[in-house]
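Q: I would like the atomic coordinates for the input below:
(2 chains)
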Number of protein chains: 2
Amino acid sequence: VSSLRADLEAAACIGADERGGVSRFAWTRELAQANAWLMERLSELGLTAELDPAGNVLGRWESGKGTAVLLGSHLDTVPNGGRFDGALGVLAALDVVRRLRAEGVEPRRPVWIASFNDEEGARFQTGMLGSRAFCGECDLEDWGGRGIPEAMAEAGLDFARLAGARRVDEVGAYLELHIEQGPVLERSGADLGVVTAITGMLGFRARFVGEANHAGTTPMEHRRDALAGGARTVLALRDAARERGDMTANVGVISAEPGGFNVVPGAAELTVDVRSPSPETYAALEPLVRETLSAIAAEEGLGLELAETHRKPPVALDPGLQDALEAAARDEGATTLRMPSGAGHDAMVLAHHVPAGMLFVPSRGGVSHSPAEFTSAEHCELGARVLARAVRALLG
Amino acid sequence: VSSLRADLEAAACIGADERGGVSRFAWTRELAQANAWLMERLSELGLTAELDPAGNVLGRWESGKGTAVLLGSHLDTVPNGGRFDGALGVLAALDVVRRLRAEGVEPRRPVWIASFNDEEGARFQTGMLGSRAFCGECDLEDWGGRGIPEAMAEAGLDFARLAGARRVDEVGAYLELHIEQGPVLERSGADLGVVTAITGMLGFRARFVGEANHAGTTPMEHRRDALAGGARTVLALRDAARERGDMTANVGVISAEPGGFNVVPGAAELTVDVRSPSPETYAALEPLVRETLSAIAAEEGLGLELAETHRKPPVALDPGLQDALEAAARDEGATTLRMPSGAGHDAMVLAHHVPAGMLFVPSRGGVSHSPAEFTSAEHCELGARVLARAVRALLG
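A: I've put the predicted structure just below:
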């Protein structure tokens, strides 16, 4: 059993929940326990281990000079999550340093490891709070009202000192190994994915308003059925995404009001989530959604309320680091696929500040955010070896 | 102010709720109060007034010989209902007897008035319990498990004696005046509707099963989106109903699971309600629903579970009584429209046992089951006068 595999086993026990998954949320006892475990491992490897003001665990191998090569991911999870999402990247970073130590390498620049806090944002509906604070993107006002200051205080941290987590200026490159969380790699047959860009995402809450009526006494031609607007939206956005090719569209939540089997829906509410890694297509998403839904509402004689819920433009990852990861994979005898990431990651935040690269390992069946999430030990270890090669190249 | 108008005002105060509507449910204090009020009015008119074992109020003018002419409707309401639905038919029956008394008529056969209990079924999700008991259709087993025996006991009634409410064998004809609860009469410009049939209705709960997936990482072509099945159902049934003409279709309730904006729905549940007053079309409804949904499931690669929730075949009303109501309207100078009823009524139950006829007055804007339900005093009084003429004709 490799050290990485043993570390994955050990980490999966911390915050193991009664439904067979892992539940570790920001500023909870479970994540604190995982952080303490990680800091012990970092110290064993001779790194300076600390918990920063945002709750990120930072391990620093201060060696040589210049900016650091930062390896990172996260140890927090979604509720009842899997054991690989986030944890693999942190433990692979440990494995890289362990290899470099074993090889007696004396790095010509610092090598850092980060376990970013609250990437999933499961507890306070935030997301990437730790890496954003690390990059100086603290939106204190937005985060202040959700109970975060209180949760931080209970964990011995001070919300007012969040800005002190900014260390990105000392970093020269960021690398993250992560599971794909989708089916593309497995279906392609490639061993590893070299991520080209992280998808941009845009979300809305849409509400069609018609007229609630008796479903038996109102003839079809006199109805203004709000759910017809909702149903047409589901299908029209799917058609548009299929046609365009480099985008996705999803309606994940839908309801009809008043919600009786014998009442024609007077209102229908739904969520719209559209994504694209291409800047051109991303720019077209908002007009696409607005025009599609407006046209449906007009044709159905319905009112339409459309409120934006989230907006994150796509981020291209560094071409030089893509090449470096691809070369490292080739040298390990692994096949690769260049692909965008359909999910957000800490690398998305870092990429706005420093050259950032991401490497994917396959997810069996594309399953993630579930206890069934699985990546073979072989793929995990291959990913860590390729990461180590890429780091060696960066160290010169 | 006419007596009918005054009675409508008086009845609307009993069970008036804080949201401007009327809430009177089976075996509650509010309905008991309305029943007591009605029994006083019946007694004043010289009728034998009684509360039968099912909670129906029965007023009997025993005169002449042979089977009775029964006039009826109901005083129970939906939650926050209107003041006309049901009440108009009961109070118009009072008005008919009041007119006959004033004219000194000595009927050659009995004239009865019934206010059937629990037509709406709002409290125990039953529906037409009173008229069904009156017709001997007591399904004691079905009704026993919903708290009805306990509610009856609190109201001083004995569930075990429900079968004693059967009196339909003494009835020779049934007439009911009711608001239309739809927009057809108002839009047609006719004063009154002569009901030809009561629509048949058929209902299902449908569940499409696909695969829940990450909405960002799962390419469009790899999704099995259960909500796509739901959306196509909404539109396909609407198209079929529009095309066929003599039917309606409604999806009034819908949901997606697990219900996250960023998760492709793994399951979608919805209600299907289809109706037709035509026996031929009604017979085609079940295959239509089953084939449409099965085809959608097959095309989308989804599983489908389809469970029947309700089934009531259409009921034709008596042609002789339709003619009698039309002739009476003509003699009052009123225009009529022959039309089916899209909603169920006590007449639907009675029509299986005795010749039954129904007369509709217009509902403003087609609105019902709402405090905004409204029919003009002129239309109410016209309906009562036409009903009186039809009764006189039946009395010979």
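Q: From now on I want contacts and neighbour counts done on CA atoms only, so please keep to that.
A: Will do.
Q: Which residues of the stretch 51-200 of chain A lie near chain B?
A: For the stretch 51-200 of chain A, the contact set with chain B under Cα under 8 Å from any Cα of the partner chain comprises A:180, A:181, A:182, A:183, A:184, A:199.
Q: contacting residues for the first one?
A: With contacts taken as Cα atoms under 8 Å, 6 or more residues apart in numbering or on different chains, residue A:180 has the following neighbours: A:193, A:341, A:360, A:361, A:362, A:363, A:366, B:217.
Q: Need the CA coordinates for the longest helix anywhere in chain A. PDB is fine.
A: Determined from DSSP state H, the single longest helix within chain A is helix A:279-300. Written as PDB, here are the backbone C-alpha positions of helix A:279-300 (Å, rounded to 0.1, in the frame of the first residue of the first chain):
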ATOM      1  CA  PRO A 279     -15.600  33.100 -23.400                       C
ATOM      2  CA  GLU A 280     -17.500  33.700 -26.700                       C
ATOM      3  CA  THR A 281     -20.300  31.200 -25.800                       C
ATOM      4  CA  TYR A 282     -20.300  32.400 -22.200                       C
ATOM      5  CA  ALA A 283     -21.000  36.000 -23.400                       C
ATOM      6  CA  ALA A 284     -23.900  34.600 -25.400                       C
ATOM      7  CA  LEU A 285     -25.500  32.800 -22.500                       C
ATOM      8  CA  GLU A 286     -27.300  35.700 -20.800                       C
ATOM      9  CA  PRO A 287     -29.000  36.900 -24.000                       C
ATOM     10  CA  LEU A 288     -29.800  33.300 -24.900                       C
ATOM     11  CA  VAL A 289     -31.600  32.800 -21.600                       C
ATOM     12  CA  ARG A 290     -33.300  36.100 -21.600                       C
ATOM     13  CA  GLU A 291     -34.500  35.900 -25.200                       C
ATOM     14  CA  THR A 292     -35.600  32.300 -25.000                       C
ATOM     15  CA  LEU A 293     -37.700  32.800 -21.900                       C
ATOM     16  CA  SER A 294     -39.100  36.100 -23.000                       C
ATOM     17  CA  ALA A 295     -40.200  34.600 -26.300                       C
ATOM     18  CA  ILE A 296     -41.900  31.700 -24.500                       C
ATOM     19  CA  ALA A 297     -43.600  34.100 -22.100                       C
ATOM     20  CA  ALA A 298     -44.900  36.200 -25.000                       C
ATOM     21  CA  GLU A 299     -46.100  33.200 -27.000                       C
ATOM     22  CA  GLU A 300     -47.900  31.800 -23.900                       C
END
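Q: Can you name the element that comes right after that helix?
A: Next along the chain after helix A:279-300, taking DSSP states H and E as the criterion, comes strand A:303-312.
Q: Determine whether any part of that following strand lies close to chain B.
A: No: Strand A:303-312 does not reach chain B (Cα under 8 Å from any Cα); its nearest approach is 10.0 Å.
Q: Off-centre distance for that strand?
A: Here strand A:303-312 is found 21 Å from its chain centre; the criterion is Cα atoms, centre = their mean, to the nearest Å.
Q: pLDDT below threshold where in the stretch 1-150 of chain A?
A: A:140-141 (pLDDT under 70).
Q: Which one of the contacts of residue A:180 is nearest to residue B:24?
A: residue B:217 (53.2 Å; Cα to Cα).
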